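Novice: next comes the sequence, and after it the predicted model I'd like to discuss.
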Amino acid sequence: MCDHMEINTMRDYHDAVRRGPYAWPGGYPADWVTDDGETRCWRCGAKSYRQILWSLFHHVNDGWRVCAIALNYDDGDLWCCNCNTRIESAYAESEEQINCGGGRHAQS
Ligand SMILES: [Zn+2]
């Protein structure tokens with residue numbers, strides 16, 4: 001599995017924030033996975049760094065301790081549990097717009 005990267009230390013978190021949401025292999029949109037298994041959008045994970053660093057430092061499972069970065073390939077229905085923003089995906093976005101409706105039919 002290479003679609004997520006574990007975060008175990010404050011340093012891991014710092015590195016992740018510095019890389020930004022699109023700097024991961026392939027440039028896919030990244031989001032945070034917290035200790036309670038919830039998903040947070042990149043903005044919430046970067047904005048709440050004080051809370052997250054505190055949780056990492058004290059190693060508490062309070063829902064803020066991020067444990068991984070995940071890449072969202074094709075889940076067009078993934079929502080941030082903190083701000084309820086839909087999390088961007090790499091492929092599901094364009095699929096919704098593909099609409100060949102009523103194309104021409106070649107009949108012989
Ligand atoms: Zn959010």
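Specialist: The structure has been received and is ready for your questions. Numbering: from 1, shown residues only.
Novice: so where is this protein shaky, pLDDT-wise?
Specialist: 1-2, 94-108 (pLDDT under 70).
Novice: what residue lies at the spatial centre of it?
Specialist: residue 31 (1.7 Å; Cα atoms, centre = their mean).
Novice: remind me what the helix or strand that contains that residue packs against, helices and strands.
Specialist: In the assignment (DSSP states H and E), residue 31 maps to strand 30-34. Applying 3 or more Cβ pairs under 8 Å, 6 or more residues apart in numbering; DSSP states H and E, we find strand 30-34 packed against strand 39-40, helix 42-47, strand 66-71. To be clear about C-beta, it is placed using only N, CA and C from the backbone, and glycine gets the same treatment.
Novice: again, only using 10 Å
Specialist: strand 4-6, helix 10-19, strand 39-40, helix 42-47, helix 49-58, strand 66-71 (3 or more Cβ pairs under 10 Å, 6 or more residues apart in numbering; DSSP states H and E).
Novice: hmm, back to that, mind listing what the residue nearest to the centre of the chain touches?
Specialist: By Cβ atoms under 10 Å, 6 or more residues apart in numbering, the residues touching residue 31 are 4, 21, 39-45, 66, 68-72, 75, 78, 80, 87-89.
Novice: give me the buried subset of those.
Specialist: In the contacts of residue 31, burial by neighbour count holds for 21, 39-45, 66, 68-72, 75, 78, 80, 87-89, counting by 16 or more other Cβ atoms under 10 Å.
Novice: re the thing from before, quick check, the strand holding residue 31 touching the ion?
Specialist: No. Remark: strand 30-34 sits outside contact range of the ion, by Cβ under 5 Å from the ion, the gap being at least 8.6 Å.
Novice: please apply the same query to stretch 17-29.
Specialist: No. Judged by Cβ under 5 Å from the ion, stretch 17-29 and the ion are separated, with a smallest distance of 11.7 Å.
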